[in-house]
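# pasting the structure only:
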C-alpha cells in the first residue's frame, strides 16, 4: 500500500512543472515582438541589442518577480489559514501588508531618498515597505503577547485586525495631506506592479523568503496537527507555542517581502490554497509546496496579461488577479453551500 | 526672456527657503506643500479637471473690473499678475508660487481641498476655480459670488485663456498683448527648429525614486506634449490618446527614444545633484539610444509645471535642450 | 503508571475560583480508571492535567515516576495518548490522514511515514472497525465512527513500530508497554448503539492487551460497566476513589449527584445496575 503522501506527490511535481513552464514562456510573450535568436546572440553587444534588453531587462525579471511573489503569497496564505484555523484567512489578515503600504505611502508622499549604498540593494519605496511590514509584525506580536504569556490565535486575530484598521486610517491621512500627484502614484502602488526591471531588486528580499521557506518545510507536519486544535496537537507531542510562533513570523516575513517587491497584490493568497486543497487534500506537506508553485505560476500569467492587454499602458497586476480571482472565489463559495 | 530668467533664478532660491521658513506676516502661512512631483500633479490635475466636459461656466458679473480676485489655479494666478491685475488678488491656491508676490497672499486650498469658508470670508468679487469643483461652484452660486471655471488644455488653450482672463479682470489690452507675444515667441521657436531632425523623445514627469519603475510619461495630448511638439521633438507616445501614460519598460525599450526629458519642479530634494544622479538610473536600460548617447536631460524648472503665460520660455528651454 | 499529586488548578489563577483543589489520583497500570462526576466537577480539567496539555498551579503529575514536565514531548506522546470529547478538523483530512497523524510523535522533524507506519495505521483502523472508511473525508463520518477513528489514531500513536517493520499487519500486542489512553467523555454525544460499540471496543483493548485507560464520564452505567477503579469528583475535590464495587454505593451516589438511587447486580451480565429514584436538591 502506498502512503497518501506518496500518492499525491505527482500533483506537486505537476505544480512545479507548471511554474517552470510559466517562467520560461512568459518572457517570450509581450507587447512588442522580439527576435529571439537575436536576443540570445552573444556577438551583439548588449547595449545595442534591443531584443536582448527587452527579454532580459523588461521581461525576465518580471517573470521571476511574479513567480517569487506569487509563491510567497500563496504559501503564506496556507500557513495563515492553518494558524488561524480559518479557510478565509489571507496573508493580509494580520496587518502585515497594511504596514508595508503605510511605509510605501510615506516614502512616496514625502519623497524619501536613502544613501546610495542602501539604494543599490533596495530603493526607498521597497525599503520603506519592508520596514513597515516588519514593524507591523512586531507590533501585532507584542499586542498578542500583552494579554498572556502564551500566543492565543484569537488575540492574534484581534490584534491584527485592529492594526489593519489603524494603519488604513493612517494611510488615508497620508493621502489626504499629500498632493494630488503623490496620492495618484501611491494609489497605483497599492494596486500592485511587478515591473522590477533589475534582478537586484529581488536580491534584497530573497534572504527573508528563503528563511521563511525553510520554516515552512518544518511547519508542514505541525500545521496538520494544529488542524485538530491546540489541545489535540499538544497531546500528539507538538510544542504548540513554538510552532505557532514560527508559523506567525515566517508567514508574516514572507508576506512583507512579497509586498515590498510588488505591492499588496490580492487574491493569490486565498484562492490558490483553496484550489489546491480541493484537488489535493489537506495534508500541508502537499498543500504548501503545491500552493507555492501554483501561486507563482498564476501570478506570472496574470502579469503577462497585465502588461499586454492594454499595451503600451500598464494595467496594475492587482486588478487582473482581482478580476480573475473575485468571480472564482464567489463560485467556490456558492459551490460549497 | 532675460527678466523671466532672473525672476526664475530668484524664485528658485526662495522656493528652497520657503520649505524651511514660514511667512508669519501672512494671515494664513502657506502650507509647506511637497513639490517633488508637482509637474505630475498639475498634469494629472489637468486630466481630472478636464473630465468635467463642460464649457467654462461664467456667472453674471458687474461691468466694473473685479477688485477682489481669488484664484485656485497656479496658471491662472500667473496670468492675472502678468496682465497687470496682481493688486486685485486677495487669495491664491496652495500650490501657487509665482510670481513672488503671492508669498504674502492668503491661501485657500487647491483642487481636492478648497477651503470654502476662507474663500467666502475673503468676500471676493471673482473666483477662478476648476470646472470639476462642482461643490464649490454650487456654494459660490448660492452666495452670489461671480466665478469663472477653468480647464487645462494644450498650448492653444493657454493662449485663449490668457485673452479671456485679460478681458475678465479688466485688462483686455494687456491680455491680448501678452497672448500675441506668446504666439510670436512660439512661432519664432518653431521657425528656428523647422527643418532640423525631430528626435524621438520620451517625456517623463514622474517616476519611482531611485529606480526605473512606475514611469509616468506624457501621452499624445495635453500641454506637455504640445510644448515638446512645438520645440521640435517627436513624442514616442504620441499615439496614446491620454495625457498620462504609465509606461512599461518594455514599451520604452521597444520605442527606443533618442532623447529622454525628465521634467520636475525644483525643490528641497530636487537639486542639481539629484538631477545628475538620474543618468545613472537610466543606465539600467543601456540599449536606449538616449542613454548610449548621453542624452538624458533632467529639467528642473517651474515653467514646465505650469501651463501659464511663461510657456514660451518653457518651450524655448526644451528647444535648446533638444536642438543644442 | 500515571499519578497526580495534590493538583490544584484554576482557569483565572485566583484561589477563589479553583476548578480542582488538591486532587490526588493514582492510575494503576493495565486497569481502566474512571473519573466520575457531575458536569462542572473538573473532570475534563483533570484529564488535561494528566495528559500534560494544562499546567497545574500547584502539585504535579508523574508518569513512570518522572514529572510530566521533564518528559520530552514526543517521547511522552508515544506512550500517552488522548481522545477528546469531539474532534473538529479545520480542513478536509481523510480518515487515514487522521490516523497517520498519530504516528507523528514517532517521526523526526522532516521524516515521512514509512511502510510500518502505514501498516500500523491500517491495523489500528481494523482494530476499531473503521478500515472501510480509510479514504473518506473525516467530516463525512457519523459521531460514533469519528470517535472510533480518533481512538484508532490514539492506538497508532501508542504503537511501537519495531515488531512490524515487515508490514505484516498490526495487532494489539504492538502497543507500547506503558501505553496509556486518556478519554474525555467518549460516549457523551453518541447514540445508545454507538455507546455500546465504544464500550465494547475499549473493554477489548484493555482485556486483550492490558491497555491502561483513564476515562472521564458522567454516565453512571458506562462507568459501572467498564471501569475497574473509580475516582469520584465533585466540585473539584475527590469524594472517593477505589475499586468500583467499593466506591459506587448508594451513599456516594447521593453525595455525588444529590440523587437517591438503588444499586443491584444484574444476574445475566454481572454488572452493577444503578436505578435513580429521586432527586434530592441541596438546600
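Received the coordinates, thanks. From a predicted model like this one, the values you see are computed outputs, not experimental measurements.

# show me the longest helix that occurs in chain C.
The single longest helix within chain C, with elements called by DSSP state H, is helix C:192-209.

# what pLDDT does the model give the closest residue to residue C:205 other than its chain neighbours?
Excluding its sequence neighbours, the residue lying closest to residue C:205 (Cβ to Cβ, 6 or more residues apart in numbering or on different chains) is residue C:211, at 4.7 Å. Backbone N, C-alpha and C define where each C-beta goes, glycine included. pLDDT for residue C:211: 87.

# now do residue C:211 against residue C:4, distance only.
Remark: distance between residue C:211 and residue C:4 (Cβ to Cβ, to the nearest Å) = 19 Å.

# likewise residue C:74?
Between residue C:74 and residue C:4 the distance is 22 Å, computed by Cβ to Cβ.

# more neighbours: which of the two?
Each of residue C:74 and residue C:4 has its neighbours counted (other Cβ atoms under 10 Å in any protein chain shown); residue C:4 has more, 22 against 17.

# in a strand, the more buried one, correct?
Yes: if the criterion is DSSP: H, G, I helix; E, B strand; the rest coil, then residue C:4 is within a strand.

# nearest to the spatial middle of chain C, which residue is it?
Compute the mean C-alpha point of chain C, and by Cα atoms, centre = their mean the closest residue is residue C:183, 1.9 Å away.

# that residue in helix, strand or coil?
Of the three states, residue C:183 takes strand under three-state DSSP.

# hmm, it is touching residue C:216, no?
Yes: at 7.2 Å, residue C:183 counts as touching residue C:216 under the criterion of Cβ atoms under 8 Å.

# contacting residues around the residue in chain A that chain C sits nearest to?
The minimum distance from chain A to chain C, using Cβ to the nearest Cβ, falls at residue A:237 (3.1 Å). Neighbour list for residue A:237: C:73, C:74, C:75, C:76, C:77, C:78, C:104, C:105 [criterion: Cβ atoms under 8 Å, 6 or more residues apart in numbering or on different chains].

# show me these that map onto helices.
Those of the contacts of residue A:237 lying in helices (DSSP H): C:73, C:74, C:75, C:76, C:77.

# how about residue A:167: what's its closest non-neighbour residue?
residue A:98 (4.0 Å).

# and residue B:110, by the same measure?
Distances taken as Cβ to Cβ, 6+ apart put residue B:94 closest to residue B:110, at 4.5 Å, once the chain neighbours are dropped.

# please, a ChimeraX command that selects the buried ones among the contacts of residue A:237?
Buried residues within these, by 16 or more other Cβ atoms under 10 Å in any protein chain shown, are selected in ChimeraX with:
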select /C:73,74,76,77,78,104,105
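
# and the contacts of residue A:237, which is closest to chain B?
Closest to chain B out of the contacts of residue A:237 is residue C:104 (45.6 Å), distances taken as Cβ to the nearest Cβ.

# per-residue confidence for the closest one?
According to the prediction, residue C:104 has pLDDT 94.

# also residue B:37?
pLDDT, residue B:37: 46.

# mind listing what residue 190 touches?
In the absence of a named chain, chain A is used. Contact partners of residue A:190, counting by Cβ under 8 Å, 6+ apart, are A:101, A:263, A:264, A:318.

# meant chain C, my bad for not saying
For residue C:190, the contact set (Cβ under 8 Å, 6+ apart) comprises C:143, C:144, C:147, C:198.

# from chain B, how far off is the last one?
Okay, so that is residue C:198. In this view, residue C:198 and chain B are 64 Å apart by Cβ to the nearest Cβ, to the nearest Å.

# pretty sure that residue sits against residue C:144.
Yes: contact between residue C:198 and residue C:144 holds when scored by Cβ under 8 Å: they sit 7.0 Å apart.

# contacts for stretch B:225-238?
With contact meaning Cβ under 8 Å, 6+ apart, stretch B:225-238 is reached by A:312, B:154-156, B:186, B:189-190, B:193-194, B:196, B:198-203, B:217-220, B:243, B:245, B:247, B:252, B:255-257, B:259, B:261, B:304, B:311, B:314-316, B:318-319, B:321-323.

# of those residues, just the buried ones, ChimeraX syntax please.
To isolate the buried members of the contacts of stretch B:225-238 in ChimeraX, using 16+ other Cβ under 10 Å:
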select /A:312 /B:154,155,186,189,193,198,199,200,201,202,203,217,218,219,220,243,245,247,252,255,257,259,261,304,311,314,315,316,318,319,321,322,323
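
# in strands, which of the contacts of stretch B:225-238 fall?
B:200, B:201, B:202, B:203, B:217, B:218, B:245, B:247, B:259, B:261 (DSSP state E).

# how far away is the third one from residue B:256?
This points to residue B:202. Using Cβ to Cβ, residue B:202 is found at 9 Å from residue B:256.

# quick one on the thing from earlier: so what's the residue nearest to the centre of chain C bridging to?
Assessed by DSSP bridges, residue C:183 has beta-bridge partners residue C:83, residue C:215.

# for it, report the pLDDT, please.
Looking at residue C:183, its pLDDT is 94.

# what does residue A:211 give?
The score at residue A:211 is 96. That number is its pLDDT.

# hmm, the particular helix or strand that has it in it touching chain C?
Under the criterion of DSSP states H and E, residue A:211 resides in helix A:206-226. Yes: Helix A:206-226 is in contact with chain C by Cβ under 8 Å from any Cβ of the partner chain, via A:217, A:218, A:221, A:224, A:225, A:226.

# who are the packing partners of that helix?
For helix A:206-226, the packing partners by 3 or more Cβ pairs under 8 Å, 6 or more residues apart in numbering or on different chains; DSSP states H and E come out as helix A:60-83, helix A:230-235, helix A:240-262, helix A:284-308, helix C:95-101.

# give the other helices and strands that the shortest one contacts.
This points to helix A:230-235. In terms of contacts (3+ Cβ pairs under 8 Å, 6+ apart), helix A:230-235 is packed against helix A:206-226, helix A:240-262, helix C:43-51, strand C:80-83.

# from the helices and strands packed on helix A:206-226, which stretch is densest packed?
Mean neighbours per residue, mean count of other Cβ atoms under 10 Å in any protein chain shown, is largest over the helices and strands packed on helix A:206-226 for helix A:60-83, with a mean of 28.

# that helix - contacts with which helices or strands?
By 3+ Cβ pairs under 8 Å, 6+ apart, helix A:60-83 packs against helix A:4-25, helix A:200-203, helix A:206-226, helix A:240-262, helix A:268-280, helix A:284-308.

# now the weakest link among those helices, please, by mean pLDDT.
Ranked by mean pLDDT, these end with helix A:200-203 at the bottom, a mean of 85.

# and it with chain B, contact?
Yes: using Cβ under 8 Å from any Cβ, we find that helix A:200-203 touches chain B at residue A:201.

# show me what counts as buried in that helix.
Buried residues in helix A:200-203, counting neighbours by 16+ other Cβ under 10 Å, are found at A:200, A:201, A:202.

# closest to chain B out of these?
residue A:201 (7.1 Å).

# what about the helices in chain B?
Counting by DSSP H, chain B has helices at residues B:2-20, B:38-49, B:74-82, B:116-121, B:134-143, B:155-168, B:172-193, B:223-230, B:249-255, B:272-282, B:289-292, B:311-322.

# host element of residue C:145?
helix C:143-158.

# list the helices and strands that helix packs on?
strand C:80-83, helix C:95-101, helix C:115-127, strand C:180-184, helix C:192-209.

# that'll do, ta.
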